[in-house]
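Participant: Have a look at this prediction, sequence included:
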Amino acid sequence: MAKKITAGNKNVSATLSGSGYEFTEKLLKQAAPETFKLIENEFSKILEAARADWPVRAKGSKNSRGKLGMGVRLSADGSVVAYIDNNAEYAWAIRAGKDSDTSVPYGKRVSDELLWKPSKKIANKIAKSLADELFK
């Protein structure tokens, strides 16, 4: 899935990579292997669909399509968060134009349509998988 794991709150943040990442990924795979596999598969599908449908400006593109990614983050309260994002600082503001080569409706935010909405659709499936796995 990801090659790094981040954790943080207002005052402190840390990034695990290499063996720190491998340790955390191994822990997640051992605690809930089916759920981890489900997250990887579902998020990979969303990510690939977003890459294929992400609009690119004909002139002056800053390659926001190339900044799409997914990973795992540890939150300040200790919960594990799997995510899909676009690291372009302006990605949240990209809207589909009249002549954009995308299925996103004109004027809609691309990240909402291609990342956020598909992620929300699979959230219950992932939560159910995790609950089933933890209460076996």
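Facilitator: Perfect, I can see it now. Numbers count the residues shown, from 1 in each chain.
Participant: and the residue sitting nearest the centre point of the chain, backbone torsions?
Facilitator: When CA atoms, centre = their mean is applied to the chain, the residue found nearest the centroid is residue 84 (1.0 Å). The phi/psi pair for residue 84 (degrees, to the nearest 10) reads phi -120, psi 130.
Participant: now do residue 95
Facilitator: Backbone geometry at residue 95, expressed as degrees, to the nearest 10, gives phi -120, psi 150.
Participant: Next: residue 129.
Facilitator: Per-residue torsions, residue 129: phi -60, psi -40 (degrees, to the nearest 10).
Participant: Tell me, how many residues neighbour it?
Facilitator: Using other CB atoms under 10 Å, residue 129 has 19 neighbouring residues. From N, CA and C alone the C-beta is placed, and that goes for glycine too.
Participant: what's near enough to touch it?
Facilitator: 32, 34-35, 38 (CB atoms under 8 Å, 6 or more residues apart in numbering).
Participant: Who is the residue nearest to the centre of the chain paired with across the strands?
Facilitator: With DSSP bridges as the criterion, residue 84 is bridged to residue 70.
Participant: Okay, it and residue 31: tell me how far apart.
Facilitator: Computed as CB to CB, to the nearest Å, the residue 84 to residue 31 distance reads 21 Å.
Participant: on that earlier part again, tell me who's in contact with the residue nearest to the centre of the chain.
Facilitator: Counting by CB under 8 Å, 6+ apart, residue 84 has contacts 43, 46-47, 50, 68-70, 115, 119.
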